[in-house]
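>>> Test case, fold it:
(2 chains)
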Amino acid sequence: MELALAPETLARWQFGITTVYHFLFVPLTISLAALVAGLETAWVRTGKQEYLKATKFWGKLFLINIAMGVVTGIVQEFQFGMNWSAYSRFVGDVFGAPLAFEALIAFFFESTFIGLWIFGWDKLPKRIHCFCMWMVSIGTILSAYFILAANSWMQHPVGYKYNAANGRAELTDFWKVLTQDTTLVVVFHTLTAAFLTGAAFMVGIAAFHLMRKKHIKVMRTSLRLGLITLVISGILTAVSGDSLGKVMFKQQPMKMAAAEALWDKEEPAPFSVFAYGDVEKGHNTVAIEIPGLLSFLAHNDFSSPVPGINDVNKAEKQKFGPGDYRPNIPVAYWGFRWMIGFGMSSFAIGLAGLWLTRKKFWLAPGLRTGDEEPPHLALTKNKVLGARLSKWYWSLAFVTLGFPLIANSWGWIFTEMGRQPWAVYGVLRTSDAVSPGVSQGEVLTSMIVFTGLYAILAVVEIKLLVKYIKAGPQELSDSDLNPPTKIGGDSTDADRPMAFSY
Amino acid sequence: MQLHDVWFVLIAVLWTGYFFLEGFDFGIGVHTKLLARDRREKRVLINTIGPVWDGNEVWLISAAGATFAAFPDWYATLLSGFYLPFLLILVCLIVRGVAFEYRAKRTEEHWQRNWETAIFWTSLLPAVLWGVVFGNIVHGVKIDAHKEYVGSVLDLLNPYAILGGLVTLTLFTFHGAVFASLKTTGEIRGRARRLATVLGLLTLVPTVGFLGWTQADKGDVSSLIAMGVVVVALLAALGANRLGREGWAFSFSGLAIAAAVTMLFLTLFPNVMPSTLNESWNLTVGSASSSPYTLKIITWCAGFATPLVMLYQGWTYWVFRKRIGTQHIAEAH
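Purely as a prediction, here's the structure:
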């Protein structure tokens, strides 16, 4: 058959599709778990009903997402063995360890406590119920940490030696795998981006309700929480992205040169904001450049040289033998830009929102609104944004709620494709990693099945999200306001319907 | 006893945990059609496992993750070799997980019915497939000198493995019926108990056949003892069920599953996947395992995490220990 349908190509497509799809749910889940836990804590501490309403509303959206996150995660784990058996044999000794840690420590945490949280409203005293959500949150973060440690090892292998006798990589220092700089900055960057994602989601939905003047109390709280999280995580995402970039310039110069479509060494190197025409041809049709910025991104000063694609390719040929060590340049170039562009747009919208909805002494007393009214969007201390402009802001915040999701996806595509032709950088080529015994038909079948199933589930999930977003927070019932005081529930009314049932 | 032997035992423990726990929730899935008479009863059944099925499933994820870490070659040969069965299992687990969470999220009749149908099939199919997979692991498959599976998917559908599939299906369905009688109240509880008697007797036939075949093929004294435990535990579960001792019945049906898994792993050892082409190509605990250093690291992790998991999962079962009847299910939905 044609090369385009080679098992390796299909397996790569499948990995890309299933990973990007899985990662639509992961960042939302990580951040919403923590935000919901925060809201529930606020309820436990203050007893204010809007916090409980917010907890339940965002909790529901969280649950719809985590259901998908969990089931698509199982595919990820099995896929290594199914499509990449040569990879599994070669790196299992190293890569398997953090994966086993993830399953045994993080995943059990997450899924056990989530069951307690969903069904525990009338079975657990409120403090313990809230504690369960924190456990879920810790589980999701630990899970991210272990899996990113494994991925970072593929980006920058450390703490192992090659065992020629059995032809595989063997772990020599697990602590190094868990704490190498790649792991730490990748975890930092992924987690901050995750919070950016959840915050933009929260701000967008809160804006939607505030624009329609519905559920104002709960949505004012959510908006505030979302905006603050969005701005803080936005700054930290930029900071962590910068550190990650510097690490990558050292460890994978090819990826970063490709990200810039920088063909030959430049000194000082400019940052290309936007290249017009074919980036495959290099820098000649660049439209906008910022002089010296790339040197700064790589080395913290504005004049140091940055090697180009051709330089690195030559160096890698000398090191690893003949071959082409260039990744797909347009994907790397545009992926890098979409990641930064979409992520930072969300941050900018958040920053504007935080300023426009500010309170207290920054705003003239006459402009301040009560708990039952949507906040005024004020440009200066004394001047409210016009009705039309206000509506634009709310709409903008709403329609861009998924921007960080696009940024995340491109971030991963850039990271993973920028490393090609390596599965494990400098150690194992992607072409040597696929399952030799799996036929083209099998990979094609599974790709069609997964892609088809994922497409159907995407429709189902979006419909559900839309339904629950539109419905907004529900009114609280008696049982919500009188949580049990005993574990296992109070025995006053044995036949009372459960607070939650499937 | 070397570390890779310890890990062979630990992986057996993880699979035992998985089949014990998800065994009954697969069974409950099947009972939504077999036992439940109306939609309300379906919901009673689904809600008996509602808080715990997700935690149960993690035993599988841990078993797979631990196999990857401790026996990379076993993991690679098994998953790439049994490609289509695993694809089918994954699809079922995806749909099943979503079905539980999404079924009640809309009130339309067709929406809920579709997810209920999904729950039935995605519980039944993996219950069969796991038996087929383990039948093939124990029996051995065509593995070449490069540790790769070279058979076809049809080779996996041999009589022994299909009988294995029948065993897991009946055993899990029986275990599920016993669990249903333990966790429900009212009319459905009595029916669950009566159904359990029928299913228990039905389970005995393929189980004795399959395990007897295994024993004749590869057994020794220890596997014979394990087989004895399976049969005695099944009979004890049946007896306890007749006497209305539902807690005991559930413990015994769980013991039967545990002993059956134990027997399979006993006959497997020291292989992890025997080759039917050439004995020297067998994957063994020695040839398929990770380096001693990695095994040491994950042993620390498992030694610390596994008891903790059992503790807090056990607590979950205690929190939700109350029986559920139709009166506990709210009207709406």
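>>> From here on, just use CA atoms for contacts and neighbour counts.
Will do.
>>> so which strand or helix has residue B:99?
Residue B:99 is part of helix B:83-102 when elements are defined by DSSP states H and E.
>>> Give me the contacts around that helix.
A:63-64, A:67-68, A:71-72, A:74-75, A:82, A:438, A:442, A:446, A:450, A:502, B:46, B:50, B:54, B:79, B:115-116, B:118-119, B:121-123, B:125-126, B:129, B:133, B:153 (CA atoms under 8 Å, 6 or more residues apart in numbering or on different chains).
>>> Now do that helix, average pLDDT.
Averaged over helix B:83-102, pLDDT sits at 94.
>>> Any idea which residue of the stretch 151-300 of chain A lies closest to chain B?
residue A:171 (6.2 Å; CA to the nearest CA).
>>> for the stretch 51-200 of chain B, what spans make up the helices?
B:53-70, B:72-81, B:83-102, B:109-139, B:159-183, B:187-218 (DSSP state H, counting those that start in this stretch).
>>> Rebuild those helices as a markdown table, extending it with distance to residue A:189 and mean neighbour count.
As requested, the helices of the stretch 51-200 of chain B are exported to a markdown table (distance: least, CA to CA, whole Å; neighbours: other CA atoms under 10 Å in any protein chain shown):
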| stretch | distance to residue A:189 | mean neighbour count |
| --- | --- | --- |
| helix B:53-70 | 25 | 26 |
| helix B:72-81 | 30 | 28 |
| helix B:83-102 | 29 | 21 |
| helix B:109-139 | 38 | 20 |
| helix B:159-183 | 44 | 27 |
| helix B:187-218 | 52 | 18 |
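>>> what about residue A:486, which SS state?
coil (DSSP: H, G, I helix; E, B strand; the rest coil).
>>> need the contact list for it.
A:123, A:124, A:125.
>>> count of neighbours near the first one?
Yep, that's residue A:123 we're talking about. Residue A:123 is flanked by 24 other residues according to other CA atoms under 10 Å in any protein chain shown.
>>> The last one too?
The tally of other residues near residue A:125 (other CA under 10 Å) stands at 20.
>>> next one: the second one
Neighbouring residues of residue A:124 were enumerated by other CA under 10 Å; the total is 24.
>>> same check, this time on residue A:139
25.
>>> Name the SS class of it, please.
Following three-state DSSP, the label given to residue A:139 is helix.
>>> Likewise for residue B:244?
At residue B:244 the chain is in coil, as set by three-state DSSP.
>>> Contacts only, for residue 160.
Just going to use chain A. Taking CA under 8 Å, 6+ apart, one finds A:94, A:169, A:170, A:171, A:172, A:173 in contact with residue A:160.
>>> not what I meant, chain B
B:135, B:136, B:139, B:210.
>>> Which members of those are the farthest-apart pair?
Pairwise distances across the contacts of residue B:160 peak at 12.3 Å for B:136 and B:210 (criterion: CA to CA).
>>> ok, which residues in the stretch 201-333 of chain B are in contact with chain A?
B:290-291, B:293-294, B:297-298, B:301-302, B:305-306, B:309, B:312-313, B:316, B:318-322, B:327-330 (CA under 8 Å from any CA of the partner chain).
>>> can you do 10 Å?
B:287-295, B:297-298, B:301-302, B:304-306, B:308-310, B:312-313, B:315-331, B:333 (CA under 10 Å from any CA of the partner chain).
>>> Mark which of these are buried, thanks.
Among those, those classed as buried by 16 or more other CA atoms under 10 Å in any protein chain shown are B:287-291, B:293-295, B:297-298, B:301-302, B:305-306, B:308-309, B:313, B:316, B:319-320, B:322-330, B:333.
>>> Mind checking which of those land in helices?
B:293-295, B:297-298, B:301-302, B:305-306, B:308-309, B:313, B:316, B:319 (DSSP state H).
>>> could I get those as CSV with pLDDT?
Output for these, formatted as CSV (pLDDT from 0 to 100):
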residue, pLDDT
B:293, 93
B:294, 93
B:295, 93
B:297, 92
B:298, 93
B:301, 92
B:302, 92
B:305, 92
B:306, 91
B:308, 93
B:309, 93
B:313, 93
B:316, 94
B:319, 92
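>>> Helix or strand: which one has residue A:379?
Assessed by DSSP H and E, residue A:379 sits inside strand A:378-380.
>>> Give the partner strands of that strand in its sheet and their orientations.
If you go by DSSP bridges, strand A:378-380 pairs up with strand A:383-384 (antiparallel).
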